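# Next one to model:
(chains A and B)
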Amino acid sequence: MTEMGTATGTEAVTLTVNGECRAVARGTTLAGLLASLDLDPRMIVVEHNREILRDRTTFADLELAEGDTLELVHFVGGG
Amino acid sequence: MATTSLPALDTPFTIADREFRSRLMIGTGKYASNEQMVRAIEASGAEVITVSVRRVNLDRSSEEGILHHLDPSRYFLLSNTAGCYTAEEAIRYARLARAAGFNEWVKLEVIGDQETLLPDVAGLLEATKVLVAEGFKVMAYTNEDLITALRLEDAGAVAVMPLASPIGSGLGMLNPFAIRTIKHRSSVPIIVDAGVGTASDACVVMEQGVDGILMNTGIAAARDPVRMAVAMRQAVDAGRLAYLAGRMPRREIAVPSSPTTGMLD
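As a prediction, the model looks like this:
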């Protein structure tokens, strides 16, 4: 796994994750990204280019592309 | 034989065909620590617990996600759309919450004003219609306006949640007449949401005949949230039973409680 933020040049794709720019190695899957962020897919919900991914089994096959926008959300305390 | 236990004395509390065991619903925000939140929730006896959808902090040093601290099999997680200022935004948050996979319920908030946090009722009605059509069970946070409450019911909301007073204000119930009128005229459960500051506020709200109360700051911002959670639980029960029991008529003159006959010369 390429460390987040260090992938550069033609081997990298640039994403927007929770509003922040992040570069990942070309070929990185959504499951790979979540693992590199130490996130348990069962604890979060992913919105990929404004589309909610309701089936977590697709994460391993979803290869991230240049310009993709991801929102990774979870439940926090609220009233 | 009739017993004097609370379930035997109360009527079932049902929203959209689902029966809940507590009329007190509580929020999970603003606690000093997760440990304190968990203890307060347990002490409250609440089954329905509200949560919010927010971005994961990618540079987190500790787990902020509430599922790391609360067992979702023990509670009914009711996601809110707090912080949303348009119908579109609230719909997006509701969909994200549903994708978490717990249930299709939402406590719908569309806020219209930052200072008062009063609802944008036009946006609320619009979002209610969209979400109901998508199969959501919508509990709609609204002001204490009867007409809006009736429109929300018409739009398919499974419960209407009028405020006692503004969110986080702790001012108690400002308009008991309006709350009673909404309860009297509605066919869906009425859950008063927001503004309850202490146990007596909760008791008086329940005495109006409403079906339940949702609160957060009243417990979380108490000096001792665990004690206040117990107080709120008892106040909700007391107010509910007093409502069902039917209070004595008010009189402006004294009436003796003891016999006026049989007095000594």
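# Give me the neighbour count for residue 50.
Just so you know, I chose chain A. A:Arg50 sits with 8 neighbouring residues when counted by other C-beta atoms under 10 Å in any protein chain shown. The way it works is simple: take the backbone N, C-alpha and C, and place the C-beta from them, glycine included.
# To clarify, I was referring to chain B.
26.
# what about the helix or strand containing it, average pLDDT?
B:Thr50 belongs to strand B:48-55 when assigned by DSSP states H and E. Across strand B:48-55, the average pLDDT comes to 96.
# what's near enough to touch the residue in the stretch 151-265 of chain B that chain A sits nearest to?
Residue of the stretch 151-265 of chain B nearest chain A, by C-beta to the nearest C-beta: B:Asn216 (3.0 Å). Applying C-beta atoms under 8 Å, 6 or more residues apart in numbering or on different chains to B:Asn216 gives the contacts A:78-79, B:26-30, B:50, B:168.
# ok, B:Lys129 to B:Val110 distance?
According to C-beta to C-beta, to the nearest Å, B:Lys129 and B:Val110 sit 12 Å apart.
# Identify the bridge partners of whatever residue of the stretch 51-200 of chain B ends up closest to chain A.
Of the residues in the stretch 51-200 of chain B, the one nearest chain A is B:Ser52, at a distance of 2.8 Å by C-beta to the nearest C-beta. Counting by DSSP bridges, B:Ser52 is bridged to A:Val76, B:Asn80.
# so where is chain A shaky, pLDDT-wise?
A:1-10 (pLDDT under 70).
# got the residues of it near chain B?
Remark: the part of chain A in contact with chain B comprises A:17-20, A:37, A:39, A:43-45, A:47, A:52-54, A:71-79, using C-beta under 8 Å from any C-beta of the partner chain.
# Pull out the buried residues from these.
A:17-18, A:37, A:39, A:43-45, A:47, A:53, A:71-79 (16 or more other C-beta atoms under 10 Å in any protein chain shown).
# Which ones among the residues you listed map onto strands?
Secondary structure from DSSP state E places A:17, A:45, A:47, A:71-77 of these in strands.
# Would you mark the buried spots in stretch B:110-123?
Result for stretch B:110-123 [16+ other C-beta under 10 Å]: buried residues B:110-112, B:117, B:119-121, B:123.
# Next, see if that stretch gets close to chain A.
No - taking C-beta under 8 Å from any C-beta as the criterion, stretch B:110-123 and chain A are apart, separated by no less than 10.7 Å.
# May I have that stretch exported as PDB, CA atoms only?
What follows is stretch B:110-123, C-alpha atoms only, in PDB (Å, rounded to 0.1, in the frame of the first residue of the first chain):
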ATOM      1  CA  VAL B 110     -34.500  21.600   8.200                       C
ATOM      2  CA  ILE B 111     -33.300  24.700  10.000                       C
ATOM      3  CA  GLY B 112     -34.300  28.100   8.800                       C
ATOM      4  CA  ASP B 113     -32.300  30.500  11.000                       C
ATOM      5  CA  GLN B 114     -28.900  30.200  12.600                       C
ATOM      6  CA  GLU B 115     -29.600  32.300  15.700                       C
ATOM      7  CA  THR B 116     -32.900  30.700  16.800                       C
ATOM      8  CA  LEU B 117     -32.500  27.300  15.000                       C
ATOM      9  CA  LEU B 118     -36.200  27.500  14.300                       C
ATOM     10  CA  PRO B 119     -37.400  25.200  11.500                       C
ATOM     11  CA  ASP B 120     -37.900  26.200   7.800                       C
ATOM     12  CA  VAL B 121     -41.300  24.700   7.600                       C
ATOM     13  CA  ALA B 122     -41.600  25.000   3.800                       C
ATOM     14  CA  GLY B 123     -38.300  23.100   3.400                       C
END
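# rewinding a little: as a markdown table, the ones in strands among the buried ones among the residues of chain A next to chain B with distance to B:Ala140 would be great.
Formatted as a markdown table, those follow (distance: C-beta to C-beta, whole Å):
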| residue | distance to B:Ala140 |
| --- | --- |
| A:Val17 | 33 |
| A:Val45 | 23 |
| A:Glu47 | 24 |
| A:Glu71 | 25 |
| A:Leu72 | 28 |
| A:Val73 | 22 |
| A:His74 | 24 |
| A:Phe75 | 20 |
| A:Val76 | 22 |
| A:Gly77 | 21 |
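# out of those residues, which one sits closest to B:Ala242?
A:Gly77 (31.7 Å; C-beta to C-beta).
# ok now do the closest one, which residues does it touch?
B:27-31, B:37, B:51-52, B:66.
# ranking those residues by neighbours, who comes first?
B:Gly27 (31 neighbours).
# was I right about it contacting B:Ala220?
Yes - under the criterion of C-beta atoms under 8 Å, B:Gly27 makes contact with B:Ala220 at 7.2 Å.
# Mutual contacts of the two, please.
With C-beta under 8 Å, 6+ apart, B:Gly27 and B:Ala220 have common neighbours A:Gly79.
# Excluding residues flanking it in the chain, which one is nearest B:Gly65?
A:His74 (4.2 Å; C-beta to C-beta, 6 or more residues apart in numbering or on different chains).
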